[in-house]
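Trainee: Need the 3D shape of this:
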Amino acid sequence: MLEEIVEKVRASSKYREISERTILEIVKIELQKYKNEKRLIKAVKNRLHQIYGAFLSKEERQKLRELISILEKDHSNIMDIAKMILQLHQSTRERLDIYGELYREIFDTTGRPSSILDLACGLNPFSIPWMNIEGPIEYHAYDIDSIVIESINKFLAILGYPQLARIKDILFDEIEDCVDVCLIFKFLPTAERIKKGLSIKLLEAINSKFIVVSFPLKSISGKERGMLDNYSRLFEPIFQKSHKIIKKFTLGNEMFYILIKRGE
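Mentor: Numbers count the residues shown, from 1 in each chain. Next comes the predicted model:
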C-alpha cells in the first residue's frame, strides 16, 4: 500500500523528480492520522508543499538544464552562468550580494577546507566560484531533487571537481561523508516542522569539524515577524546540547552560526 501511495503522489509533475524515500517517509508520518487513501494523498501533498515548497518549478528546472548545457560547451563564462543559475531560486538569489563576504566570514574561522558537505543544498553549490578556494576540493552535496543533483554533478565536472552530489534526504538517509566544513542553510526549521527533535538528531549525525547553519530573517513574503529572536531562542539550546557556538553573525536576510562538537 505504501508504495502505491508514493507512486500516486509522484504522478504529480511537481513531485516527480523528488526522492522516493522522502515521499515514503512523509506518507508514513501522515498515515498515522489519515486512513482514507484520498485524504492521505492530499495530506502528503500538502505536507510536501509546506515543507519542500521551495522546489524549482518545471520551467526553472528546464532553465537550469539549458544553462548547464551552455556552460558545458563554453567554460569561459562560469561566473556569469553560475549567477544566472543562482538567480533561479529565492534563497540563492538573496545571497548573490553577500556570497563573497559570507565565505570569507566562514573560512576565516574554519580555515581553508579540503572537503565540504552541503546538506539540502538546492542551488547553493553553484556559489563555489565565490568561495575563492584554489584548486579542486571534495564538494559533497545532498538534495532530494534529481534534476538539481544531475546539474550539480555536471557543474562540478566543469570545475574539475569530483562528482560527489547525491540524491539523499538528510532526515531519513544516512549521512556518510566525513568533511572539514558542513553547510546547512535554512533547513533546520523545516526539520522541526516535519518532526520535533529532528534537528538535534541531524546535527549529531554529521561528521564534520565545523557545521555552518543559517536561518532566514524574513518570511517568503518579506516580513520579519521577530524571526531573529524566535530562531535564537528556539535553536541555540538545541545547538548547545551537542555543540559549541563559536561564531554568530548576520548577513543579508540570514543569520549564521558556526558550530563545533563539544570536546573538540
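
Trainee: use CA for all of it now, contacts and neighbours both
Mentor: Will do.

Trainee: And the strands in the stretch 151-264 of the chain?
Mentor: Along the stretch 151-264 of the chain, counting by DSSP state E, counting those that start in this stretch, strands occupy 164-167, 178-185, 207-216, 243-251, 254-261.

Trainee: Give me the below-cutoff pLDDT ranges for the stretch 1-150 of the chain.
Mentor: 51-55 (pLDDT under 70).

Trainee: what do you get if the cut-off is 80, keeping everything else the same?
Mentor: 1, 13-14, 17, 49-56, 135 (pLDDT under 80).

Trainee: Nearest residue to the middle of this structure?
Mentor: The residue lying closest to the centre of the chain (Cα atoms, centre = their mean) is residue 120, at 2.4 Å.

Trainee: I'd like to check which residues are in contact with that residue.
Mentor: Neighbour list for residue 120: 141-144, 169-170, 184-185, 187 [criterion: Cα atoms under 8 Å, 6 or more residues apart in numbering].

Trainee: Mind doing that once more with 6 Å?
Mentor: 142-143 (Cα atoms under 6 Å, 6 or more residues apart in numbering).

Trainee: Residue 19 too?
Mentor: Residue 19 touches residue 144, counting by Cα under 6 Å, 6+ apart.

Trainee: which phi and psi does it have?
Mentor: Main-chain torsions, residue 19, degrees, to the nearest 10: phi -50, psi 130.

Trainee: swap in residue 33?
Mentor: phi -110, psi -30.

Trainee: now the helices: where do they sit in this protein?
Mentor: 2-10, 20-31, 37-52, 58-73, 78-86, 90-95, 99-110, 146-159, 188-194, 198-205, 227-242 (DSSP state H).

Trainee: With distance to residue 135 and mean neighbour count added, can I get those helices in a markdown table?
Mentor: Formatted as a markdown table, the helices of the chain follow (distance: least, Cα to Cα, whole Å; neighbours: other Cα atoms under 10 Å):
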| stretch | distance to residue 135 | mean neighbour count |
| --- | --- | --- |
| helix 2-10 | 40 | 15 |
| helix 20-31 | 34 | 18 |
| helix 37-52 | 34 | 16 |
| helix 58-73 | 19 | 15 |
| helix 78-86 | 15 | 18 |
| helix 90-95 | 23 | 18 |
| helix 99-110 | 15 | 16 |
| helix 146-159 | 9 | 20 |
| helix 188-194 | 31 | 17 |
| helix 198-205 | 29 | 17 |
| helix 227-242 | 33 | 14 |
